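*Asks:* Using only what follows, build the 3D model:
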Amino acid sequence: MTEAETAREADASPRPAKLSLPTLTAMVVGSMVGAGVFSLPSRFAEETGVAGALIAWSIAGVGMLMLALVFQTLAVRRPDLDAGVYAYAKAGFGEYLGFFSAFGYWASACVGNVTYWVLIMSTVGAVVPALGEGDTVLALVLSSIGLWGFFLLIRRGVKEAAAINRIVTVAKVVPILVFIVLALFYFKVDVFAENFAGEDYAGSLFSQVRGTMLATVFVFLGVEGASVYSRHAKRREDVGRATLLGFLSVFAVFASVTIVSYGIMPMSEIAELRQPSMAGVLEHAVGTWGKVFVSVGLIVSVLGAYLAWTLMAAEVLFVAAKDDDMPRFLRRATPADVPVPALLMSSLLSQVVLIVTLFSEDAFNFALNLTSSLSLIPYLLAAAFAAKIAWPRRPPDAGPRRGRTGELAVGVLATLYTAFLLFAAGLKFVLVSFILYAPATVLFVMARREQNRRLFSPRELVILVISVAGAVIGVVALAVGWIHL
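*Replies:* Below is the predicted model of the structure:
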């Protein structure tokens, strides 16, 4: 046996665990229904009234539907590409941008996982003051214990973790549906009318809508969950079906949670609620038991979402390493199909960000907005790839030409939507994102050296310079106080 054959045999992974349509759909719903939905009332009330919320949800609904259709289309057109978000960026725009997409998506998942622990500790902090709003030393210690406990759970196997996620998904949707029903029962038309236009501090309608857009991005993160896990699907067409089923289900729930809250109490009071604000809204309507009910539902929901996102984060690093775009050590997997080195790196990054939240003015919103910003580049590149392969002069491997006009429209609309979200995010979180992106190039360099390849092409050097410049500006901005965490 040659040295090359030995290396290939050592890198060979076990056969992927196969997942059904219900399980894939549960992965989508489970990854979207997490911390975000429980924070929606105050997140929206801080920025806008009912009119702005309706417009924001309309824009987000159409935009995210376009993204869902993008992932459905690409799953069919390019069934050869696994771990969707990363693979689509690489196929469309080269290895370096593909690497950035993989890293950005992975980092957004890890940072997003931090919001779950912060929100759990903030919830329990209403009873145990020492936990504060999830930003104290005790909260950090307990969150760290939970983080590494989940690492040990997931290490047991992907199939077992996915089965747990399917059960938890059902358990966590029930409290949210109960909240909507109870809020409708206690709905006050006069309060809703007073909240319609928004308070004076909310500003113009455009600024209100813009201010809510990152919140909508965060709650919809995970719409690509089935695509990321496509190598595990029993049938390839189930990837697209699970994406649409999951999206339509959670969109109806998210919009309902936001709008009915405006009929319970004035938006100025909703905006001042501690997280999870959904608990405060229900407490105002039905009393203390409502707060307890939502808090328990939140903990179940968040732990389920954390499980789903940790699985997806490790999967992206693993597949990128299998494609030689990450160092080889990340392609190792156990006989139970668990990419342990990738899982370990995911847990380590979440641990680092947990520590950073101690120095943040608002730990939850900082982690939430950074998660959204990091995910936008991967989404933008995936949408642009969908538009690219639907363009009249498509490459020969783009698949059947039928339905090209509709696919092109979907790809263009999804690209415009994600570009608008980058604008809505603002310069602060774009610069902070660069601070993470630029150093990550070390992993890209490691992979290239392992393959004895040229480190950067001229085009890749331009991208490198831009990312490093953005990171330097971001660090300077933080140092002199132009932006704050």
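*Asks:* What about residue 259, how many residues nearby?
*Replies:* The local packing of residue 259 (other CB atoms under 10 Å) involves 21 other residues. To be clear about C-beta, it is placed using only N, CA and C from the backbone, and glycine gets the same treatment.
*Asks:* For it, grab phi and psi.
*Replies:* Backbone torsions for residue 259, taken as degrees, to the nearest 10, come to phi -70, psi -40.
*Asks:* what residue ranges in the stretch 151-300 of the chain score low on pLDDT?
*Replies:* Applying pLDDT under 70 to the stretch 151-300 of the chain picks out residues 157-172, 198-203, 214-215, 217-219, 221-240.
*Asks:* roughly how far out does the strand or helix carrying residue 114 sit from the chain middle?
*Replies:* Using DSSP states H and E, the element containing residue 114 is helix 95-125. For helix 95-125, the gap between its own C-alpha mean and the chain's C-alpha mean amounts to 7 Å (CA atoms, centre = their mean, to the nearest Å).
*Asks:* quick one: average confidence on it?
*Replies:* What helix 95-125 shows for mean pLDDT is 83.
*Asks:* Tell me the helix or strand right after that helix.
*Replies:* Next along the chain after helix 95-125, taking DSSP H and E as the criterion, comes helix 137-154.
*Asks:* mind listing what's buried in that next one?
*Replies:* By neighbour count with 16 or more other CB atoms under 10 Å, helix 137-154 contains the buried residues 139, 140, 142, 143, 144, 146, 147, 150, 151, 154.
*Asks:* Also stretch 342-358?
*Replies:* For stretch 342-358, the neighbour count (16+ other CB under 10 Å) marks 342, 343, 345, 346, 347, 349, 350, 351, 353, 354, 357 as buried.
*Asks:* thought the fourth one was touching residue 317?
*Replies:* In other words, residue 346. Yes: look at residue 346 against residue 317 with CB atoms under 8 Å: they come within range, at 7.1 Å.
*Asks:* any shared contact partners between these two?
*Replies:* Shared contacts of residue 346 and residue 317 (CB atoms under 8 Å, 6 or more residues apart in numbering): residue 106.
*Asks:* where in the stretch 351-485 of the chain is pLDDT low?
*Replies:* Looking along the stretch 351-485 of the chain with the criterion set at pLDDT under 70, you get 362-364, 368, 392-404, 425-426, 483-485.
*Asks:* related to what we said a few turns ago, out of the buried residues of helix 137-154, flag the one nearest to residue 335.
*Replies:* Nearest to residue 335 among the buried residues of helix 137-154: residue 154, at 14.9 Å, using CB to CB.
*Asks:* Just the terminal-to-terminal distance for stretch 73-93.
*Replies:* Terminal residues of stretch 73-93 lie 18 Å apart, using CA to CA, to the nearest Å.
*Asks:* ok, now stretch 453-461?
*Replies:* Distance between the two ends of stretch 453-461: 15 Å, counting by CA to CA.
*Asks:* for stretch 255-269, same thing?
*Replies:* First-to-last residue span, stretch 255-269, CA to CA: 20 Å.
*Asks:* Which positions within it qualify as buried?
*Replies:* Buried positions in stretch 255-269, judged by neighbour count with 16+ other CB under 10 Å: 255, 256, 257, 258, 259, 260, 261, 262, 263, 264, 265, 267.
*Asks:* would a markdown table of those with distance to residue 380 and secondary structure be doable?
*Replies:* Listed next are the buried residues of stretch 255-269 as a markdown table, based on distance: CB to CB, whole Å; DSSP: H, G, I helix; E, B strand; the rest coil:
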| residue | distance to residue 380 | secondary structure |
| --- | --- | --- |
| 255 | 24 | helix |
| 256 | 29 | helix |
| 257 | 27 | helix |
| 258 | 25 | helix |
| 259 | 29 | helix |
| 260 | 32 | helix |
| 261 | 31 | helix |
| 262 | 32 | coil |
| 263 | 36 | coil |
| 264 | 37 | coil |
| 265 | 37 | coil |
| 267 | 32 | helix |
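*Asks:* Out of those, which two sit at the greatest distance?
*Replies:* 255 and 265 (18.7 Å).
*Asks:* so residue 180 sits in a strand?
*Replies:* No: counting by DSSP: H, G, I helix; E, B strand; the rest coil, residue 180 is not found in a strand; it is helix.
*Asks:* Give me the contacts around stretch 462-478.
*Replies:* 96-97, 100, 428, 430-432, 434-435, 437-439, 441, 456, 482-485.
*Asks:* got it, and stretch 418-429?
*Replies:* Contacts with stretch 418-429, where a contact means CB under 8 Å, 6+ apart, come from 63, 67, 210, 213-214, 217, 369-370, 372-373, 376, 379-380, 383, 430, 477, 483.
*Asks:* Please save the CA atoms from that stretch in PDB.
*Replies:* Taking C-alpha atoms only, stretch 418-429 is exported to PDB below (Å, rounded to 0.1, in the frame of the first residue of the first chain):
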ATOM      1  CA  THR A 418     -28.900  39.800   2.200                       C
ATOM      2  CA  ALA A 419     -27.100  42.900   0.900                       C
ATOM      3  CA  PHE A 420     -29.800  45.100   2.500                       C
ATOM      4  CA  LEU A 421     -29.200  43.200   5.800                       C
ATOM      5  CA  LEU A 422     -25.500  44.000   5.700                       C
ATOM      6  CA  PHE A 423     -26.500  47.700   5.300                       C
ATOM      7  CA  ALA A 424     -29.000  47.300   8.200                       C
ATOM      8  CA  ALA A 425     -26.300  45.700  10.400                       C
ATOM      9  CA  GLY A 426     -24.200  48.900  10.400                       C
ATOM     10  CA  LEU A 427     -20.500  49.400  10.300                       C
ATOM     11  CA  LYS A 428     -19.900  48.300  13.900                       C
ATOM     12  CA  PHE A 429     -20.700  44.600  13.500                       C
END
